[in-house]
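Colleague: Predicted model and sequence follow; I will ask about them next.
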Amino acid sequence: MSAQKVKSPTIKQKKMHTYTLASGNGHIKSGVQELIDSLPFYVFLVDSDHRIVMANDKIRGALGVEPETITGMYCPTVVHGLDEPFPGCPLEDAVFTGKAVEKRLYDKKIGSWTLSAVYPTSFKTDEGKAVFLHTARDITNVVRNEEENKLKAQLLDASTDSIFVVDNNGRFQYMNDTTFKTRGYKSKEELMSKPLKDLDTPEFAKLIDQRIKQILEKGEATFETAHYRKDRSVMPLEIHSKVIDYNGQKSFLSVARDITSRKAAAEELIRNYDIQRVINKLLSLSLEDVPLEDILRQALDMILAIPWLVSQSRGSIMMVEDEPGVLVMKAQNGLAEPIKKACAKVPFGRCMCGLAAKNKRIEFADALDKRHVTTYEGISPHGHYCVPIMYSDRVLGVINVYTREGHQRNQREEEFLSSVANTLAGIIIRKEDDEMLSRTLKSLEMTIEGTVQSMALVVETRDPYTAGHQRRVADLSVVIAKELGLPEDETEGIKTAATVHDIGKINVPAEILTKPGRLTDIEFGIIKTHAGAGYNILKHIQFPWPVAMMVLQHHERLDGSGYPHRRKAKDIIKGAKILAVADVVEAMSTHRPYRPALGVNTALAEIKKNKGNLYDAEVVDACVKVFKRGFTFHE
């Protein structure tokens with residue numbers, strides 16, 4: 001509590017309470033006075049009845065009175081203006097116990113802290129009462145500093161980053177709670193006993209001297225490292241260290257952030273990029289005039305070049321050709337001669353590749369187990385991923401990738417290999433379709449309409465769920481064109497384009513076309529290539545109408561949100577605008593693998609809602625009119 005200034009005592013009060021030290025030696029008394037006067041805070045000598053025996057000269061500044069004027073007065077009255085000791089009074093406690101008492105007292109009125117201390121002495125008053133040394137000093141700044149340091153410590157412990165200080169020998173001098181907790185230790189003391197170098201993994205431990213030199217030269221540095229946890233698992237870290245003065249010696253303050261999640265995200269990004277790159281390259285090759293065997297060789301090279309796919313850079317791709325139930329090796333990399341000869345042809349069910357074909361599933365082995373019946377003297381230890389290439393329920397081939405012995409099966413690797421297998425399946429089927437279409441075109445002299453119908457059939461035989469879609473879109477496109485009053489010749493061109501508007505889907509793997517669930521971003525990206533692919537197929541055919549351009553633009557939208565080129569209204573030809581509306585209405589009205597039919601009313605509501613924004617207003621109005629007049633789709 002703060003001292004309360006009081007008036008000087010009266011002469012009567014002084015006479016009533018005249019106290020001296022029980023010593024006849026005046027030198028001792030003057031020596032005590034001189035001693036307490038030397039202290040920088042106010043001091044009383046008080047007897048066991050709380051009467052002031054002596055005070056030092058600092059009382060003037062604290063209470064505004066002269067020391068000699070308060071001798072004999074009641075201490076609680078002089079200091080606090082009270083008639084009795086306040087609860088918890090340190091003088092009261094010291095008198096009661098006969099022991100030293102120190103207490104911190106807070107004055108709420110002025111927000112200050114005082115250290116009030118009472119110590120027993122060997123002195124007695126003339127009446128034989130015990131004398132106590134009573135000191136009081138302002139410790140407000142001390143308490144504030146302590147609280148500030150406590151808050152700083154709490155803030156450091158609350159940080160999700162590890163914060164620690166080590167000396168020149170790499171010994172811990174300080175660490176926050178996160179440092180020991182994230183490394184699996186029960187207490188600071190447990191980890192403080194270990195040198196920092198014991199935490200570093202070997203690849204980074206050898207860099208310690210180099211990094212210390214760098215920090216000393218520049219004053220601070222940021223770098224990546226990795227620490228062992230107590231269970232010996234590894235925690236990747238980004239550390240910023242700087243030179244500081246700690247307890248009078250040069251030390252290193254470090255802030256270490258766990259970058260496990262960041263590294264995982266970066267690795268995932270790299271994997272996704274690699275997957276997309278391989279798929280895009282294969283799709284690009286499929287659009288070029290490249291033999292299938294060349295595509296298979298390039299596909300194998302790209303698979304084996306993926307750094308995160310733990311392989312031995314060896315493998316092969318096998319295909320089913322003229323002989324049913326037999327795999328024929330079409331591409332290989334790094335295979336030993338005995339394997340190339342023994343596996344030139346593999347029946348379904350034999351060895352790992354044959355089992356993958358027979359069982360229509362991925363076969364994995366982490367070593368040469370009993371399934372690996374094809375062997376030879378000196379064969380090197382290895383494992384396998386054997387992934388079937390399938391179209392619907394038909395086995396087209398197998399991708400075979402060698403792994404290191406003991407490699408653990410990995411779902412991400414299997415997903416990647418399956419994506420490649422599905423893409424190759426689409427390419428193989430497309431090549432078969434191309435060959436079939438080429439033979440058909442060469443062997444038949446057909447009218448343009450017959451050719452168009454044949455191409456449309458190719459798409460629909462690959463995608464039974466949308467069989468008849470192109471024909472129904474063509475039927476609706478024709479009646480819309482007539483409602484708009486377009487010339488008969490132009491209407492015939494729109495009909496032709498509508499009949500083959502999805503021809504580009506022969507480039508899309510059937511597993512994606514018929515997938516019952518929601519498409520992934522990668523799969524939808526593959527679907528979106530069909531408009532451009534259709535254009536590339538049709539652009540060399542000399543139609544009397546811009547059929548290829550209508551096919552290219554039938555997914556463009558007036559506001560530029562469509563694909564593949566995000567064209568806006570003025571850049572989209574009339575026929576493509578009609579195809580866009582007819583395509584949406586037919587698609588929403590009929591069943592799809594991923595949803596039931598939504599119905600004509602829902603489809604018409606969609607185009608009316610987006611009239612003038614996504615879809616041409618005149619075309620939408622014409623479409624609504626023909627349905628009102630009774631137009632229906634025919635199976």
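Modeller: Sure, I can see it.
Colleague: And for S284, the neighbour number?
Modeller: S284 has 11 neighbouring residues, counting by other C-beta atoms under 10 Å. Backbone N, C-alpha and C define where each C-beta goes, glycine included.
Colleague: average pLDDT for stretch 216-235?
Modeller: Averaged over stretch 216-235, pLDDT sits at 93.
Colleague: For it, buried residues please.
Modeller: 221, 225-228, 235 (16 or more other C-beta atoms under 10 Å).
Colleague: Stretch 103-113 now?
Modeller: Going by 16+ other C-beta under 10 Å, stretch 103-113 has these buried residues: 105, 112-113.
Colleague: Show me where the stretch 251-400 of the chain has its strands.
Modeller: 315-320, 326-333, 345-347, 363-365, 383-391, 394-403 (DSSP state E, counting those that start in this stretch).
Colleague: Mean neighbour count, mean pLDDT and distance to N141 added to those strands, as a markdown table?
Modeller: Formatted as a markdown table, the strands of the stretch 251-400 of the chain follow (neighbours: other C-beta atoms under 10 Å; pLDDT from 0 to 100; distance: least, C-beta to C-beta, whole Å):
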| stretch | mean neighbour count | mean pLDDT | distance to N141 |
| --- | --- | --- | --- |
| strand 315-320 | 24 | 94 | 75 |
| strand 326-333 | 20 | 93 | 77 |
| strand 345-347 | 17 | 93 | 87 |
| strand 363-365 | 20 | 93 | 70 |
| strand 383-391 | 25 | 93 | 70 |
| strand 394-403 | 23 | 93 | 68 |
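Colleague: Any idea which of those gets closest to D294?
Modeller: The minimum distance between D294 and those falls on strand 326-333, with 8.9 Å, by C-beta to C-beta.
Colleague: Name the residues that touch the closest one?
Modeller: 292-293, 296-297, 299-301, 304, 313-321, 340, 343-348, 353-354, 357, 397-398 (C-beta atoms under 8 Å, 6 or more residues apart in numbering).
Colleague: go again using 6 Å as the cut-off
Modeller: Outside strand 326-333, the residues that touch it by C-beta atoms under 6 Å, 6 or more residues apart in numbering are 293, 296-297, 300, 304, 315-319, 321, 343-347, 353, 357, 398.
Colleague: which neighbours does it have in its sheet, and in what orientation?
Modeller: strand 315-320 (antiparallel), strand 345-347 (antiparallel) (DSSP bridges).
Colleague: Give me the angle between that strand and strand 383-391.
Modeller: 120 degrees (axes from the mean of the first three to the mean of the last three C-alpha atoms, to 10 degrees).
Colleague: ok and strand 326-333 relative to strand 394-403, angle-wise?
Modeller: Using the same axes, to 10 degrees: strand 326-333 against strand 394-403 is 40 degrees.
Colleague: what about stretch 335-353, start to end distance?
Modeller: With C-alpha to C-alpha, to the nearest Å as the measure, stretch 335-353 spans 14 Å from end to end.
Colleague: Output the contacting helices and strands for the helix or strand that contains L476.
Modeller: Secondary structure from DSSP states H and E places L476 in helix 469-483. Helix 469-483 sits against helix 488-499, helix 574-589, helix 617-628, with contacts defined as 3 or more C-beta pairs under 6 Å, 6 or more residues apart in numbering; DSSP states H and E.
Colleague: list the buried ones in the following helix or strand past the first one?
Modeller: The first helix or strand that comes after helix 488-499 along the chain, using DSSP H and E, is helix 510-513. When burial is assessed from 16+ other C-beta under 10 Å, helix 510-513 yields the following buried residues: 510-513.
Colleague: ok, of those residues, which one's closest to K58?
Modeller: I512 (90.6 Å).
Colleague: Next, the angle from the helix ranked longest in the chain to strand 394-403.
Modeller: Longest among the helix segments of the chain by residue count, using DSSP state H, is helix 411-443. Interaxial angle, helix 411-443 versus strand 394-403 (the same axes, to 10 degrees): 140 degrees.
Colleague: for helix 411-443, which positions count as buried?
Modeller: Applying 16+ other C-beta under 10 Å to helix 411-443 flags 413, 416-431, 433-434, 437, 440 as buried.
Colleague: That helix: how far from the chain's middle?
Modeller: Distance of helix 411-443 from the chain centroid (C-alpha atoms, centre = their mean, to the nearest Å) equals 35 Å.
Colleague: Same check on stretch 189-198?
Modeller: Going by C-alpha atoms, centre = their mean, where stretch 189-198 is centred and where its chain is centred differ by 31 Å.
Colleague: how long is that stretch end to end?
Modeller: Stretch 189-198 end-to-end distance (C-alpha to C-alpha) = 15 Å.
Colleague: Pull out the buried residues from that stretch.
Modeller: 191-192, 196.
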